[in-house]
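Colleague: Whatever this is, show me its structure:
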Amino acid sequence: MIAKIGRLAVTALCVVALSGCGSIISRTVAGQGQGHQYYPGVRWDVRDTPWRFLTIIDLPLSLVADTLLLPVDMKHGPYE
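Modeller: This next block holds a predicted model:
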């Protein structure tokens, strides 16, 4: 029972750690954002890369993070 809870906790921690990864990268790493845009994390996730299988996990979480950060994006301006 404890091992099952431990595995569930580790899985939940991994999901939280991956949450909004595209949103974070597109806003903080120079050259990853594509200028002033809305939903940059979603756009970063759907680009063609060999890591596309992670999009299944990250895309919905980036969508939520980008929606929450939409007022910031509207006021901030371009991410360069």
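
Colleague: Any regions of the protein where pLDDT drops low?
Modeller: When the per-residue scores of the chain are filtered using pLDDT under 70, the ranges that remain are 15-20, 30-36, 77-80.

Colleague: next one: the top helix by length along it to chain centre, how far?
Modeller: Longest helix in the chain, counting residues (DSSP state H): helix 2-18. For helix 2-18, the distance between its averaged C-alpha position and the chain's averaged C-alpha position is 19 Å (C-alpha atoms, centre = their mean, to the nearest Å).

Colleague: just the strands in the protein please.
Modeller: Secondary structure of the chain (DSSP state E): no strands present.

Colleague: roughly how far apart are Q37 and A9?
Modeller: Using C-beta to C-beta, to the nearest Å, Q37 is found at 36 Å from A9. Heads up, the C-betas are built off the backbone N, CA and C, glycines and all.

Colleague: between these two, who's got more neighbours?
Modeller: In this view Q37 and A9 are compared by other C-beta atoms under 10 Å, and Q37 has more residues nearby, 15 against 10.
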